[in-house]
Structures are given as structure tokens and as C-alpha cells.
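# coords below, sequence missing:
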């Protein structure tokens, strides 16, 4: 078995996520959530639909056409099969699944199950491989009255936010300008292999690094996993201030977030309990949390 972060294990993660989504949704049909939770779930879904529409308009304004074969619902949140900022293989079906606005409602349900409440903060490790899942998480946080502390990585697997003219950086700008005015990540990274984009084309990696260094947000560029994770944890704590970090949301398969120990593949999608904590050199933020 390959270590997390390699193409083979990422395919396994994406496949497991896709196969589990229907099961995970069905678990929440009976018993149903209470009135307060239902209201938050409905609001989160509504917010995600509106945020997606804003992103679609921003994409169209840049003259980037939708690929109706890859993105039949016209969400604008499906990227390319390949580009200079693509990091690894990815499953198109998994990317499509997360574009459903009801995914934001599912995030509300999971966060409530984790004990997250109004006024809390949640740490978010956000790979651009799943831009729709990031939008779902931001929408859920807004509906619940919690603060999302996002560390985003810009490299993306196939069909993610890998359009060079409309990266997750551009999506952030669009969301901030038109939908979530106060949103800003607490830190950013290139992402990809080693969290420094070793698996990207050199030109694509250099272009992302230049934008990150000029972006005014802390740029994490340490290839040493332990130091990288420590810096992320520090960024989360500093940004939370007096707020409780009540949960960690992992999006995608970044080694900085899930570590390099293969036992992370034993975790099922959804709310994870009893996480195996490997030796320090193999830990990601997930295990550090």
C-alpha cells in the first residue's frame, strides 16, 4: 500500500469517499434532526447554492467556459482533467458529488454531532482538490454561527480547482467580494507532494508560489512535515484567540493534514473517532488535533 499523498492512496481515499456518501446521508434520514438543526441545515444548503452561483458568475466573467460533459449541472466548481497546477489523479464522480448544495447540510449535521456550537471555531485543512467541499464548509459555518479557521492549499487533483486562470485563490477573492465579506484564510500553502508542489509542473508551481508570497496571508512552505504541522497548529491557535477549536475538518488528501502513515486510510468518511496517532514524523494536523 502506498503512503497517503501518493496517487494510489489518494485514489483509494476518493473512491472510499464516493462509496460512503450515500450511506452517510441515509444515516441522517432517521431519526431526523431537531428544529434548530433542521433550520441550520436548510440555511447552509441555501447559502451554498447562492455561493456557487456567485462563483459561477465570477468564472463566466473571466471568459472560462463550463465543460458540460464533466460538469452537467453547470456548477462551475469542476475543473480540468489536467493542467500545470494539477497534483495527482482524482475521481470526477467524487468532485461532482460534493457540488450538491445539500452537502453543506451534511456538514452541519456532522459538526453538530461533533459537539460544535454557536461561537466556537473549527479548524479547516482545505485542499483545492475539492473546492465545492470548502464552499460547503464555509456555508455550514455561516449557518451555525461558528468561525472557520482555514488553511488552504492551492494545488489540486484532477477536476478540482486546477484551472490556472481560476484557482482557489481566485475563488476566495470572488467569495470575499460577493458573498462572505469577512472571510480570509489563516494561512496558505502550495499543496501537492510534500506540501510544496513537487508533483506539479515547475511553471505552475512557480506561478502559485509568486501569488502566495504576494498575497498578504502567511505562506507555509516548509517541506518538513513535523515543522509544517507545528506551524499550522500555531496558526489555528493564534487565529482562534479565546474561542474553542471544537473540531477539525479535513478536505482532500494533503499529507500536511492527514499525515503519511497508511493507517489513516482506515478512517471512514464522516465524523472520525479513535484516530490512530503515529510517531511524530508521520503525523498530520488530523493526528495533532
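In hand now; what should we look at? Keep in mind it's a predicted model, so treat the numbers as computed, not measured. Numbers count the residues shown, from 1 in each chain.
# the closest residue in space to residue 254 that isn't next to it in sequence and residue 234, how far apart?
Spatially, and ignoring its direct neighbours in sequence, residue 254 is nearest to residue 127 (4.8 Å; C-beta to C-beta, 6 or more residues apart in numbering). All C-beta atoms are positioned from the backbone trio N, CA, C, and that covers glycine. Taking C-beta to C-beta, to the nearest Å as the measure, residue 127 falls 20 Å from residue 234.
# now swap in residue 152 and tell me
To residue 234, residue 152 is 17 Å away according to C-beta to C-beta.
# higher neighbour count, these two?
Of the pair residue 152 and residue 234, residue 152 is the one with more neighbours under other C-beta atoms under 10 Å, namely 26 against 13.
# check the gap between the residue lying closest to residue 221 once chain neighbours are set aside and residue 166 for me.
Take residue 221 and drop its neighbours on the chain: the residue closest to it by C-beta to C-beta, 6+ apart is residue 196, 6.1 Å away. According to C-beta to C-beta, residue 196 stands 22 Å off from residue 166.
# do residue 214 as well
Distance check for residue 214 against residue 166: by C-beta to C-beta, it reads 18 Å.
# check residue 266 too.
35 Å.
# any idea which helix or strand comes after the lowest-mean-pLDDT helix or strand in the chain?
One helix or strand of the chain scores below all others by mean pLDDT, DSSP states H and E: helix 7-26, with a mean of 42. With elements assigned by DSSP states H and E, the helix or strand that comes after helix 7-26 is helix 35-61.
# which strands or helices does that following helix pack on?
For helix 35-61, the packing partners by 3 or more C-beta pairs under 8 Å, 6 or more residues apart in numbering; DSSP states H and E come out as helix 102-113, helix 131-144, helix 168-178.
# and the nearest residue to residue 191 once chain neighbours are set aside, bridged to which residues?
The shortest distance from residue 191 to any non-neighbouring residue, by C-beta to C-beta, 6+ apart, is to residue 153 (2.8 Å). Beta-bridge partners recorded for residue 153 (DSSP bridges): residue 127, residue 189.
# quick check: residue 153 vs residue 132, distance?
Applying C-beta to C-beta, the value for residue 153 to residue 132 is 16 Å.
# please apply the same query to residue 119.
Residue 119 sits 27 Å away from residue 132, going by C-beta to C-beta.
# neighbour count for those two, which is higher?
More crowded of residue 119 and residue 132, by other C-beta under 10 Å: residue 132, with 27 against 12.
# ok so, going back, out of the helices and strands packed on helix 35-61, nearest to residue 274?
helix 102-113 (14.8 Å; C-beta to C-beta).
# give me the contact list for that closest one.
Helix 102-113 has contacts (C-beta atoms under 8 Å, 6 or more residues apart in numbering) with 24-25, 28, 33, 37, 40-42, 44-45, 47-48, 97, 122, 132-133, 135-137, 139-140, 143-144, 146, 246-247, 249, 270-271.
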